[in-house]
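1. kindly generate the corresponding structure for this input.
(chains A, B and C)
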Amino acid sequence: MARIRLESAGKRYPNGFAALESLSLDIRDKEFVVLLGPSGCGKSTTLNLVAGLEELTSGSLYFDDATMNAVPAHRRDVAMVFQSYALYPHKSVYENIAFGLRMRGHPAGEIEKRVRDAARRLEIEPLLERRPHQLSGGQRQRVALGRALVRQPAVFLMDEPLSNLDAALRIAMRAEIKQLHHTMQTTFVYVTHDQAEALTLADRIVVMRDGVIQQIGSPEAIYDRPRNTFVASFLGNPPINYLEGFLREKENQICFARGALSLILPRQYSERLRGQAGRPVKLGLRAEEVDEHSVPRAGETLHGRVSSVLPVGSDQYLGFEVEGSLLFFRVGRDLRHKEGEHVALSVNVNRAQIFDASTGESLLWDGSA
Amino acid sequence: MKRIFLFCASTVFLVYVLAPVAWLVSSSVQQEAEITSRPPHWIPREPTLENFEAIFAAKEKQVTYETRRQGDPATGGYIPSTARNLVPAMWNSLIVAVAVVILNLVVSVPAAYAMAKIRFVGRSASIYFMLTTRVIPDIALVVPFFFFIHKLGLLDHLGSLVITYLAITVPFGVFILVGYFESLPDELDKAARIDGCSRLQTLLRVYLPLAVPSLVAVVLFTFLTSWNEFLLALMFTQTPASQTMPIIVAAFTSDFTISFSFINAAGVLAVIPPVILAVVFERYIVSGLTAGAVKG
Amino acid sequence: MSRYDQMSALGLLAPMLVVLLVVAVFPVLYSFWVSLFDLKLTRPHRVPFVWLANYATVFQDPLFWASVWRTTWFTVISVAAIMVIALLAALLLNEEFRGRRFLSAVLLVPWAIPYVANGLMWKWIYDSGYGALNGLLFQLDFIDKYMVWLGDSEKTLALIANAFVWKEVPLATILILVGLKSIPGDLYSAARVDGANVWRRFVHITLPALRPSFMLVLIYEAMMAIRHFDLFFILTEGGPAEASHVLAWEVYVETFRKLSFGTGSALAYIMAILTFLLAFALIRALGKKL
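-> Numbering: from 1, shown residues only, chains lettered A, B, ... in the order given. As a prediction, the model looks like this:
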């Protein structure tokens, strides 16, 4: 159980590459934090810094109030699950799980009890005498989890632990990991590039890019109030749609305009957007923010041409050309549109996002919530 | 068609590789009368082990200069009194080789692990340094070694060989091991350290058990290099107390009064241990050679 | 990378660094220092510092240039033969057939044999009185009387080279075999589809793909040939006359027969630099992979 604080943490490699510039992050005790971002964004480096596998080149790291900068990994109370599982090939499953406890000098009886408990929890008891190469991917994953959880560490770190599993197993393991966090009552830091994992698991998501935190917030905050186009694009499937245009004010209403298109933005945006008429902006519309059943109303409707219909079982994706831009929406499968058809789609403007056209920064949220 | 071709090629191959050795073995069990026949008897008609007996029981068969000229009446052969030095020399070779193997592992294993798995400042410099020392010709080391060994008072002492053989075997050992350690996943290293291992414990408890194949290769290379080394042993040993097998065998070959069958018997004895090791551990040696030379 | 890693890396490396500094770096530097003195063990009390005079002496000695020439010749014929034989052996061992494992085990026999024993064996084979070479050629009617082999200064280098080649072929074969195994089978299938016959597949796929292995073998074996000493000692001691007086033998004679450590060191240094130049290419080729 520990609070983890990174203050202006920097990591620069001897070859001059700066993986992290100045990163500040405060992870609360027992919190489940997911570091999310594309490869090379510094999320794994951050995790390695917390683990003690790498050392900060500037700034500080605290567990609770203790400075951890110079404490090597083997003297930190952390456990970690790796993408490749990293099980010791020459040890049995039992010994793999017990190894961390042995190295830290726990008495034999306690090791036995803890290993058995963990194995029971993870339903791998029958596998204890096997070697890792005799296990399936899912079983290895469980052993790797077991190895980490027997330690009952203050900090539980996971580096893309589900990336090597097939899709079905991945969903099931997500639920188990969430359950694990619930029962272990300890701090989890989880690295992934999979936005769905992040949204499912996290208490808070940290979106990173090029060694810089883009936004920190609850999954809802990150999804509904993205601070910039990077965050907005990284979450959501299919990704958020953008339309470039201008702000316009008429009759005390603020509108987004592009060519013949004019969308009336919700009243609660007025305060932030007032007095900026003519500013070039990007409108962000998530794929699911169309309402196929409501009657199109002025100021909330997109007129365009269906360019493609892509059924995906439960729903279908609609390729939709509006004012020279191609957007993708997710609609129910009972909606029958044909390619080439001209239709009017009612959109949920209450969830529309407005970004500055050149910087991509949100004009609505500063990311503080 | 292809099978016939492969069969013929294999036969040529076997003859090329084995014929010289077969002839060595064949002549080692021939008597003096037979070995001097023209043309030679490829297969001995009256095989005898007297040459080997002479080596293992040489003390009782002193041969003086006079008897040597006429052949030793006791054996009918031309067996030198120095024959008795061969077995002790093989012991010396064994002692040196085992000592070099152990010291080599103590030195190479941690160094190779550090170079393969730790990203430290000076890593590539130490790799280049190690590679550079690997190509120093041993003959260029002879003179400085001579003074060095002289200073240490180790001339004509097995210790001189142990020290100098380290110089020629350590770079190769490190080289093979670095290649092998690099092929093992980095995440194991991380996992071990998270599990509470220091660097040294990670090496000893995780990587070492996994590196057994390459360790076997290093042990064999080091052993064979030490067992076979000639030049440095020639320089630094002077008496049977420290002379190794190659020195004694080389001394036989330059003595024209000695029976060829005896020399060949000595040669066979010198060849047996390394050949057995090589053939038994063929797989490890091949993988070690390829790791050392190609993967690096 | 962390301070802990840095310190532990240095700790783990320390034994190797100490060993190599003491037994490799120091001797090499010391050897250069010695080569600047006129140091003769036959005259141990007067050791004048002579700058590079030893090198001048060496370079003015016609025997030195003759040995350089002989070493070059020995190296060229040895390496060429090693490459050809090893390539053939590797092609054979790259095929799948019964007995292949046996052949690859047998292949290691020459490699494992000590050079001294190898020398002894070939000395006996080449023996002019009762040797196998004479016996065989005589029985096959290639010669009508026993010949002198090693004692014939025209043949002696080639015969020593033959003994050297026999012992070096296994290593070269293994290195080339690795190269062969790394050629993707798809390439051959594609060439087959394109209608290339065995020979064309060999010339257009196998040989180009083996280039790195050839380079490795070439450089490594050249280094070995240049510095080779054992066989010259056992087989001919530099003779007959000076027919096999190569560079390595020259170093030995200067140093340990004439006890002239100064010029001996200078010679050894020249040799070391020669091999270094060759090895430089090797280190660069291998260093890249680390």
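2. low-confidence stretches in the stretch 101-250 of chain B?
-> Counting by pLDDT under 70, the stretch 101-250 of chain B contains no low-confidence range.
3. mind running it again at 90?
-> B:116-161, B:163-164, B:167-169, B:171-173, B:175-186, B:211-214, B:217, B:221, B:228, B:231-250 (pLDDT under 90).
4. would you mark the buried spots in the helix or strand hosting B:Phe148?
-> Using DSSP states H and E, B:Phe148 sits within helix B:138-152. Across helix B:138-152, burial judged by 16 or more other Cβ atoms under 10 Å in any protein chain shown covers B:138-146, B:148-149. Every C-beta, even on glycine, is put in place using the N, C-alpha and C of the backbone.
5. and chain C, which of those reach it?
-> B:138-146, B:148 (Cβ under 8 Å from any Cβ of the partner chain).
6. quick one on the thing from earlier: just checking, next helix/strand downstream of the helix holding B:Phe148?
-> helix B:158-183.
7. that next one vs chain A: in contact?
-> No: Helix B:158-183 does not reach chain A (Cβ under 8 Å from any Cβ); its nearest approach is 12.6 Å.
8. close to chain C, is the following helix or strand past that helix?
-> Once the chain leaves helix B:158-183, the next helix or strand it forms, by DSSP H and E, is helix B:186-194. No: figure legend: helix B:186-194 not in contact with chain C (Cβ under 8 Å from any Cβ); closest approach 9.6 Å.
9. how far is helix B:186-194 from where the chain is centred?
-> Chain-centre distance of helix B:186-194: 37 Å, with Cα atoms, centre = their mean, to the nearest Å.
10. quick check: buried residues in that helix?
-> B:187-194.
11. in the stretch 1-150 of chain C, which spans are helices?
-> C:3-20, C:26-34, C:53-60, C:62-93, C:100-112, C:115-125, C:132-139 (DSSP state H, counting those that start in this stretch).
12. most neighbours per residue, which of the ones you listed?
-> helix C:115-125 (a mean of 26; mean count of other Cβ atoms under 10 Å in any protein chain shown).
13. using PDB, write out every CA atom in that helix.
-> The C-alpha coordinates for helix C:115-125 follow below in PDB (Å, rounded to 0.1, in the frame of the first residue of the first chain):
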ATOM      1  CA  TYR C 115      48.600 -29.200 -33.000                       C
ATOM      2  CA  VAL C 116      51.600 -31.100 -31.700                       C
ATOM      3  CA  ALA C 117      49.900 -34.400 -32.300                       C
ATOM      4  CA  ASN C 118      48.800 -33.200 -35.700                       C
ATOM      5  CA  GLY C 119      52.400 -32.300 -36.600                       C
ATOM      6  CA  LEU C 120      53.600 -35.600 -35.300                       C
ATOM      7  CA  MET C 121      51.000 -37.400 -37.400                       C
ATOM      8  CA  TRP C 122      51.900 -35.600 -40.600                       C
ATOM      9  CA  LYS C 123      55.600 -35.800 -40.000                       C
ATOM     10  CA  TRP C 124      55.200 -39.600 -40.000                       C
ATOM     11  CA  ILE C 125      52.900 -39.600 -43.000                       C
END
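14. how about residues contacting it?
-> Under the contact criterion Cβ atoms under 8 Å, 6 or more residues apart in numbering or on different chains, helix C:115-125 has outside partners B:20-21, B:23-24, B:27, B:228, B:230, B:245-246, B:249-250, B:252-253, B:260, B:263-264, B:266-267, B:270-271, C:110, C:113, C:131-133, C:150, C:159, C:162-163, C:166-167, C:230-231, C:233-235.
15. same check on stretch B:93-102?
-> With contact meaning Cβ under 8 Å, 6+ apart, stretch B:93-102 is reached by B:158, B:161-162, B:165-166, B:169, B:219, B:222-223, B:225-227, B:244-246.
16. next, the buried residues of that stretch.
-> Those would be B:93-101, for stretch B:93-102 by 16+ other Cβ under 10 Å.
17. just the residues you listed: which are in helices?
-> Mapping the buried residues of stretch B:93-102 onto helices (DSSP state H) picks out B:93-101.
18. follow-up on the earlier one: with mean pLDDT added, can I get the helices of the stretch 1-150 of chain C in TSV?
-> Formatted as TSV, the helices of the stretch 1-150 of chain C follow (pLDDT from 0 to 100):
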stretch	mean pLDDT
helix C:3-20	88
helix C:26-34	84
helix C:53-60	84
helix C:62-93	92
helix C:100-112	89
helix C:115-125	90
helix C:132-139	82
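19. which one of these lies nearest to C:Leu177?
-> Smallest distance to C:Leu177 across the helices of the stretch 1-150 of chain C (Cβ to Cβ): 4.4 Å, for helix C:62-93.
20. let me know the angle separating that closest one from helix C:53-60.
-> For helix C:62-93 against helix C:53-60, the angle by axes from the mean of the first three to the mean of the last three Cα atoms, to 10 degrees is 70 degrees.
21. returning to that earlier point: now, which of the contacts of stretch B:93-102 sits nearest chain C?
-> B:Pro246 (3.9 Å; Cβ to the nearest Cβ).
22. state the distance from the residue nearest to B:Gln31 when sequence neighbours are not counted to chain A.
-> Once flanking residues are discounted, B:Gln31 sits nearest to B:Thr48: 5.3 Å by Cβ to Cβ, 6 or more residues apart in numbering or on different chains. Applying Cβ to the nearest Cβ, to the nearest Å, the value for B:Thr48 to chain A is 51 Å.
23. which residues does residue 146 contact?
-> Using chain A. Neighbour list for A:Gly146: A:97, A:115, A:118-119, A:121-122, A:124 [criterion: Cβ under 8 Å, 6+ apart].
24. looking at chain C here, not the other one
-> Residues near C:Tyr146 by Cβ under 8 Å, 6+ apart: B:38, C:128-129, C:134, C:138.
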